[in-house]
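Enquirer: sequence-free structure coming up:
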């Protein structure tokens, strides 16, 4: 198995632009998590899905952030419009069940200038 | 609510020595899972070890073992025979049956000295 696949690995964009981050979970995993990592705030859970359904999006910073999981093999995290303070590494992770270990993708390093 | 606390921002250990990274947790849920992840400088998150709240034995995975003390709500990671490649950030994480989200501690930066 290729593991959790995220794209792009790096993204540099101008303030105000829309950014879409993509994630392909491990086949057969039914839980998917989006995290944001910064030096100041560490690893923050933004949203997680179980069986493609968003369970808790209370970690999503504001309305500029949205996430979708149209099917079991694909999820997106969208920021519109992006701001410099959104600069961070965004991780996607998937797990077989809510209480089993989560496997992480390589992350997307987002820089908003 | 669940909470994970790692009180050691940085640790140093001599190569081939053992090291313990501390983790305490707080939850009122009787069912929960505890995890340790390693994040090297390259940035990826690598799963190391898992302990369930009902597991009777402490989890072990190669050189990694988890010292689970339920009454004290601690889940310390022990790395035996440290190697230079163990230098990384280590995160303790928790998921509980009610919260159903994987919450991370602030991490401990481990440096293995030659």
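Expert: Arrived safely, thanks for sending. Everything numeric here is computed off the predicted structure, so don't read it as measured data.

Enquirer: okay, CA-based contacts and neighbour counts for the rest of this
Expert: Will do.

Enquirer: buried stuff in stretch B:61-81?
Expert: Within stretch B:61-81, the residues that count as buried by 16 or more other CA atoms under 10 Å in any protein chain shown are B:64, B:65, B:66, B:67, B:68, B:74, B:75, B:76, B:77, B:78, B:79, B:80.

Enquirer: typo on my end, it should be stretch A:48-61
Expert: A:48, A:49, A:50, A:52, A:53, A:54, A:56, A:57, A:60.

Enquirer: Look at the spatially closest residue to the third one that is not a sequence neighbour and report its pLDDT.
Expert: Put plainly, it is residue A:50. Nearest non-adjacent residue to residue A:50, counting by CA to CA, 6 or more residues apart in numbering or on different chains: residue A:31, 4.5 Å away. Here, the pLDDT recorded for residue A:31 equals 90.

Enquirer: which residues does residue A:31 bridge with?
Expert: Beta-bridge partners for residue A:31, by DSSP bridges, are residue A:50, residue A:95.

Enquirer: show me the contacts for it.
Expert: A:48, A:49, A:50, A:51, A:52, A:94, A:95, A:96, A:97, A:98 (CA atoms under 8 Å, 6 or more residues apart in numbering or on different chains).

Enquirer: Residues of chain B that sit close to chain A?
Expert: By CA under 8 Å from any CA of the partner chain, the residues of chain B that approach chain A are B:32-33, B:35, B:43-47, B:50, B:95-97, B:100-106.

Enquirer: Recalculate using a threshold of 10 Å.
Expert: B:31-37, B:42-52, B:91, B:93-97, B:99-107 (CA under 10 Å from any CA of the partner chain).

Enquirer: Just the buried subset of those residues, please.
Expert: Buried among the residues of chain B next to chain A (16+ other CA under 10 Å): B:32-37, B:43, B:45-52, B:91, B:93-96, B:99-107.
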